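Asks: Next come a sequence and a model predicted from it.
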Protein chains: 2
Amino acid sequence: MFQAAAKTLSSASTSSVSRGISSSLRHYCEKRLRVSEALSGTDLGTNVKVQGWVRSVRPQKTNLFLHVNDGSSLQSLQVVAGSELNDPSLTFGSAVEVTGILKKSPRQTQPVELEAEQIHVVGKCNPLDFPFKIKDRHSLEYIRQFPHLRCRTNAFSSLLRIRSEATAAIHSYFKENGFLQIHTPIITSNDCEGAGELFQVEPSGPEHEEDENYFSVPAFLTVSGQLHLEVMSGAFSRVYTFGPTFRAENSQSRRHLAEFYMVEAEVSFTQSLEDLTKVMEGMFRSATEHVLARCAEDVDLFHKHVTPGHRGTVEAMMKRRFPVITYSEAIDILNSSSETFVFPTTWGCDLQTEHEKYLVKHCGNTPVFVTDYPYDLKPFYARDNLDGPKHTAAAVDLLVPGVGELCGGSLREERLDLLSARLEAVGLEETYSWYLDLRRFGSVPHGGFGLGFDRFLQCVLGVDNIKDVIPFPRFSHSCPL
Amino acid sequence: MFQAAAKTLSSASTSSVSRGISSSLRHYCEKRLRVSEALSGTDLGTNVKVQGWVRSVRPQKTNLFLHVNDGSSLQSLQVVAGSELNDPSLTFGSAVEVTGILKKSPRQTQPVELEAEQIHVVGKCNPLDFPFKIKDRHSLEYIRQFPHLRCRTNAFSSLLRIRSEATAAIHSYFKENGFLQIHTPIITSNDCEGAGELFQVEPSGPEHEEDENYFSVPAFLTVSGQLHLEVMSGAFSRVYTFGPTFRAENSQSRRHLAEFYMVEAEVSFTQSLEDLTKVMEGMFRSATEHVLARCAEDVDLFHKHVTPGHRGTVEAMMKRRFPVITYSEAIDILNSSSETFVFPTTWGCDLQTEHEKYLVKHCGNTPVFVTDYPYDLKPFYARDNLDGPKHTAAAVDLLVPGVGELCGGSLREERLDLLSARLEAVGLEETYSWYLDLRRFGSVPHGGFGLGFDRFLQCVLGVDNIKDVIPFPRFSHSCPL
């Protein structure tokens, strides 16, 4: 078994320095550890092998000090070697394999160090060509120029660990609360919601340059999984989806991307918007607490070096329940403020970013829910509050410090007569006959929301530009790799 | 707080039958339970409210029996009511809210039943128009015609619970094994791998009908996150991604979709293909065991009613380690078989589905790894084994019963000289200069694989058509909703 797999890699184009123990023997007596495992201290006194990339090299008279990182933690493992193990190819960014004994460190900076017996340079890195320099703290803007290399910096590798952990936290929250995960489709024939900002999809290449669409109908990249989740909320009382969504916007804003991640949930048998705000707030708190606890070191890097002072804002957010105001109350607040706004604040106008930021500050620089927006501002699916003369729909946004709108949601119009009248008025009754079917057969009051996951990371970390919280940002005129 | 959210839903267009306790009072004394919670039996003797959809109605002389399902489990909750609570709108598919006392059931079929005090029909369902009938067991083909309603059948709601649980199991496996989750991009400018089968992406609408690309370069839907994971494997020793991938194929096969889900992983500091086959086999076993244990009832529905006999195949698969054969051995096996194949089986030919199925059977109807494929069959990134005269690359496929190819992977060419020579030979050195950079700076031996998640579900459940294991299948000429 595995006979074919037994071929080992040749080590061409690498250099090796050894203290003499034959490497075939060593293979059997070493324990291969990741840096985070080595740092945990459970293997003190053991002969181990650690592999990673060099983050610092300090040759001294009799000793050589290295820091080796493999992405398993922000902290690198300190390697101490006799100076005879030094090698000109041991540079910042090079990949190494170090074998030796894990010891308690006499230094205060870290509890464990690796006393090297052998250091093998697996992959060289020419420091003149490498865009990151050993002594520099590069800005997020600078490293953004190197999308294929920026994960090799401390800041961006911390971001990626936080992003991975936050993703897991959100899945855990929903699982613990009985939500079923649905893989809503990326390609869809729904074309109404964001008209003019949709990406269309067709096969590339000359053999497809026909008049006929591949899917027989025009097909687009999804702007939201909501309608597909609503399908599911006719059979499951709690569903969610977490994946990429798309807008063909031409903006180069710090809060928008052409491809971004959304968490969307749908709840059946709702009684009021509170059924949604509870889930929104619960998820926000749970994911934030999870990240602060599990990625303390990585979050600290941002709170200390990238956005000093942001820690206080985050802690304040978590201290009290998020306040809830109605859109009408929000308009009153804006109108009684002494601030001059660029956009009007009369009842019926959409809230702009300047308004959202003012409301967040007014409420104590904490996340705030705004509910019951003017009916005419909301899409066809928002539930009619049947009120007046200021006619509203049961919609809710969550506004947060620094970012503005983080979540948007609504109860959905489950009443067949009201929904079909509204669709008929805009000539979409036929297009959405399947959607009306959901109300024809066992319709239930339900509602849901979407949260911009990248903006959530911006909010928790205090990162100003959304391009710095996603591995491969896509926006107009930019799609490298 | 939540003042705006306090409006309750009006119950227009619904009917209600009550035994007299005022519903405002009831609101305070009932505990709202999901069906799975009610069935667990922990709330026996309690006054509860259960909401869901009617799966069966049996009016008898003095009693009325209902089965109510809310998607939290395959099993429905049996509701027993006095016949005075019957209502013509209590039909198969209607949505109801039932309040009453949870009691130990005198019947053998289930441990708990709900003695109803009030049944409220929340949403009616006309049985003449509803495409599913109470007494019929509809085939997967039949329900596929109703993409917006098929989640309301037992089989498809089981499938969705299994899919959600399998997704969670895969995330758990990677998290427990120290892999970082990376959100690799959907839109990419890499256009080489599957030339001719790519979807291209541009904004829709007349205002975008210019010559210029939105991203300044042609952009496509990803066929694989591998190259982006390789970026990450220059800083993290274990990464993975799990999301949708795309092929603009014109086939209508039972194993292909235009949009399907892939799990892809990349491991750094590999020594041999065994580093990959271990992860592939580990993930397969872990996810399969998880699903069999956590979704026993749902899996049974498939193994008993949809694909009788498949249970034995799955159990046999899990009994022993997956065998490993080389491509050359596979060719020998095929050539010494008495079977007649449509496609040739000479060394250097690609393995076809008929060959894959034969090899799986030959090895005992169990998953089998095939390694070390002809170098010329594999893409530029596959690691050269530098052997001969039969020149191979360090690539591996996992073939499984019923499905054929489930996973494909390889060690990646980490040696700069070999990789740039190969890219130069096909004129792609400039396009992939960023990819060559990964080998210029701290290159490490690494490798990875992709697993077709939808095919994995086919394999475990024995479902013949891939369209029946994904919520909204997309394929040529089909993209409803």
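Replies: Thanks, I have it. Residues are numbered from 1 along each chain as shown, chains lettered A, B, ... in the order given.
Asks: Sheet partners, orientation included, of the helix or strand harbouring A:Lys103?
Replies: Using DSSP states H and E, A:Lys103 falls within strand A:95-104. Sheet pairing here is set by DSSP bridges, and for strand A:95-104 it gives strand A:47-59 (antiparallel), strand A:112-123 (antiparallel).
Asks: if we look at that strand, which residues are touching it?
Replies: With contacts defined as C-beta atoms under 8 Å, 6 or more residues apart in numbering or on different chains, strand A:95-104 is touched by A:26, A:30, A:33, A:38, A:41, A:43-54, A:66, A:68, A:79, A:81, A:90, A:111-123, A:125, B:269, B:442-444. For every residue, glycine as well, the C-beta is placed using N, CA and C.
Asks: To A:Thr431, which of the strands paired with strand A:95-104 lies closest?
Replies: Closest to A:Thr431 of those, according to C-beta to C-beta: strand A:47-59, at 53.4 Å.
Asks: what's the offset of the helix or strand that that closest one is followed by from the middle of its chain?
Replies: For strand A:47-59, the succeeding helix or strand toward the C-terminus, using DSSP H and E, is strand A:63-69. Taking C-alpha atoms, centre = their mean, to the nearest Å, one finds the center of strand A:63-69 at 32 Å from the center of the full chain.
Asks: in which helix or strand would I find A:Gly448?
Replies: Element membership of A:Gly448 [criterion: DSSP H and E] is strand A:446-452.
Asks: Does that strand reach chain B?
Replies: No. Figure legend: strand A:446-452 not in contact with chain B (C-beta under 8 Å from any C-beta of the partner chain); closest approach 9.8 Å.
Asks: same question for the helix or strand following that strand, mean pLDDT?
Replies: The first helix or strand that comes after strand A:446-452 along the chain, using DSSP H and E, is helix A:453-461. Helix A:453-461 shows a mean pLDDT of 98.
Asks: Please apply the same query to stretch A:359-366.
Replies: 96.
Asks: give the contact list for the residue lying closest to A:Ala395 once chain neighbours are set aside.
Replies: Leaving aside its sequence neighbours, A:Ala395 sits nearest to A:Ser410 (C-beta to C-beta, 6 or more residues apart in numbering or on different chains; 3.9 Å). By C-beta under 8 Å, 6+ apart, A:Ser410 lies in contact with A:Lys378, A:Tyr381, A:Ala382, A:Arg383, A:Ala393, A:Ala394, A:Ala395, A:Val396, A:Gly447, A:Gly448, A:Phe449.
Asks: JSON lines please, covering those and showing neighbour count, distance to B:Ser157 and secondary structure.
Replies: Formatted as JSON lines, the contacts of A:Ser410 follow (neighbours: other C-beta atoms under 10 Å in any protein chain shown; distance: C-beta to C-beta, whole Å; DSSP: H, G, I helix; E, B strand; the rest coil):
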{"residue": "A:Lys378", "neighbour count": "18", "distance to B:Ser157": "31", "secondary structure": "coil"}
{"residue": "A:Tyr381", "neighbour count": "23", "distance to B:Ser157": "23", "secondary structure": "coil"}
{"residue": "A:Ala382", "neighbour count": "21", "distance to B:Ser157": "28", "secondary structure": "strand"}
{"residue": "A:Arg383", "neighbour count": "25", "distance to B:Ser157": "26", "secondary structure": "coil"}
{"residue": "A:Ala393", "neighbour count": "24", "distance to B:Ser157": "31", "secondary structure": "strand"}
{"residue": "A:Ala394", "neighbour count": "30", "distance to B:Ser157": "28", "secondary structure": "strand"}
{"residue": "A:Ala395", "neighbour count": "27", "distance to B:Ser157": "29", "secondary structure": "strand"}
{"residue": "A:Val396", "neighbour count": "26", "distance to B:Ser157": "29", "secondary structure": "strand"}
{"residue": "A:Gly447", "neighbour count": "29", "distance to B:Ser157": "21", "secondary structure": "strand"}
{"residue": "A:Gly448", "neighbour count": "29", "distance to B:Ser157": "19", "secondary structure": "strand"}
{"residue": "A:Phe449", "neighbour count": "25", "distance to B:Ser157": "23", "secondary structure": "strand"}
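Asks: what bits of chain A have low per-residue confidence?
Replies: Within chain A, the ranges that satisfy pLDDT under 70 run A:1-29, A:192-196, A:206-211.
Asks: Which stretches in it count as helices?
Replies: A:23-29, A:35-39, A:140-144, A:154-176, A:226-232, A:274-294, A:296-301, A:310-319, A:327-335, A:353-362, A:416-425, A:433-440, A:453-461 (DSSP state H).
Asks: can I get the ones you listed in JSON lines with mean neighbour count and distance to B:Arg320?
Replies: What follows is the helices of chain A, written out as JSON lines (neighbours: other C-beta atoms under 10 Å in any protein chain shown; distance: least, C-beta to C-beta, whole Å):
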{"stretch": "helix A:23-29", "mean neighbour count": "11", "distance to B:Arg320": "26"}
{"stretch": "helix A:35-39", "mean neighbour count": "22", "distance to B:Arg320": "30"}
{"stretch": "helix A:140-144", "mean neighbour count": "15", "distance to B:Arg320": "48"}
{"stretch": "helix A:154-176", "mean neighbour count": "21", "distance to B:Arg320": "32"}
{"stretch": "helix A:226-232", "mean neighbour count": "25", "distance to B:Arg320": "38"}
{"stretch": "helix A:274-294", "mean neighbour count": "19", "distance to B:Arg320": "37"}
{"stretch": "helix A:296-301", "mean neighbour count": "17", "distance to B:Arg320": "42"}
{"stretch": "helix A:310-319", "mean neighbour count": "15", "distance to B:Arg320": "51"}
{"stretch": "helix A:327-335", "mean neighbour count": "18", "distance to B:Arg320": "64"}
{"stretch": "helix A:353-362", "mean neighbour count": "18", "distance to B:Arg320": "60"}
{"stretch": "helix A:416-425", "mean neighbour count": "16", "distance to B:Arg320": "56"}
{"stretch": "helix A:433-440", "mean neighbour count": "18", "distance to B:Arg320": "47"}
{"stretch": "helix A:453-461", "mean neighbour count": "25", "distance to B:Arg320": "42"}
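Asks: how about CSV for the ones you listed, with distance to B:Leu416 added?
Replies: What follows is the helices of chain A, written out as CSV (distance: least, C-beta to C-beta, whole Å):
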stretch, distance to B:Leu416
helix A:23-29, 23
helix A:35-39, 25
helix A:140-144, 23
helix A:154-176, 23
helix A:226-232, 45
helix A:274-294, 37
helix A:296-301, 32
helix A:310-319, 41
helix A:327-335, 59
helix A:353-362, 47
helix A:416-425, 59
helix A:433-440, 54
helix A:453-461, 34
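Asks: Give the buried residues for the strand holding A:Lys103.
Replies: A:Ala95, A:Val96, A:Glu97, A:Val98, A:Thr99, A:Gly100, A:Leu102 (16 or more other C-beta atoms under 10 Å in any protein chain shown).
Asks: That one vs strand A:63-69, what angle?
Replies: In terms of direction (axes from the mean of the first three to the mean of the last three C-alpha atoms, to 10 degrees), strand A:95-104 departs from strand A:63-69 by 110 degrees.
Asks: how far does strand A:95-104 sit from the chain's center?
Replies: On C-alpha atoms, centre = their mean, the centre of strand A:95-104 falls 33 Å from that of its chain.
Asks: same check, this time on stretch A:338-355
Replies: Put simply, stretch A:338-355 sits 30 Å off its chain's centre (C-alpha atoms, centre = their mean).
Asks: and if you look at stretch A:423-434?
Replies: 35 Å.
Asks: now swap in stretch A:222-236 and tell me
Replies: Distance, centroid of stretch A:222-236 to centroid of chain: 22 Å (C-alpha atoms, centre = their mean).
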